[in-house]
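Participant: any chance you can model this:
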Amino acid sequence: MLNLSDFILNRLEIKVCGSPKFMEFYGALSKYSDLYKEIDNALDLLKEDPDRGDRIQRDRWPKCYVQAFNVQTLFRFELREGRRLIYTVYTKNEIGYCNILEIFPNHKEYDKRFGY
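Facilitator: Numbers count the residues shown, from 1 in each chain. Below you'll find the predicted structure:
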């Protein structure tokens, strides 16, 4: 398995994708809304550098992510107004993937999911 530095060192193609839950949320936003533009910008940044977010320590991972997505890495990308994107990074057939698992609309919802 490649590590994150391999994405940059080997210039792997990086595809940004999303879980059904995230895609439903993102797809329902108006393309003219500030939130859509902010998320779209974040996705562009993650495509350039998937290591851009903050790595979440393994002992803090919610079990639902491990069970549903079999994550090996977990990251948080902070947006404005306390919003957060949660994503994982992996490789498959020498292509890097940045999979957005969930967006939290506020810090309270994020704390609830992570048990803080």
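
Participant: could you pull out the strands for the protein?
Facilitator: 14-18, 54-55, 75-78, 84-92, 95-104 (DSSP state E).

Participant: what does the last one rub up against?
Facilitator: If I follow you right, that is strand 95-104. 2, 7, 12-19, 21-22, 25-26, 39, 43, 46-47, 50, 65, 69, 71, 83-91, 110, 113 (CB atoms under 8 Å, 6 or more residues apart in numbering). Where you see a C-beta, it was placed from the backbone N, CA and C, and this is true even at glycine.

Participant: likewise for the second one?
Facilitator: When contacts are defined by CB under 8 Å, 6+ apart, strand 54-55 is touched by residues 73-78.

Participant: swap the cut-off to 7 Å and go again
Facilitator: 75-76 (CB atoms under 7 Å, 6 or more residues apart in numbering).

Participant: what does the third one give?
Facilitator: Applying CB under 7 Å, 6+ apart, the contact partners of strand 75-78 are 42, 46, 52-56, 84-87, 89.
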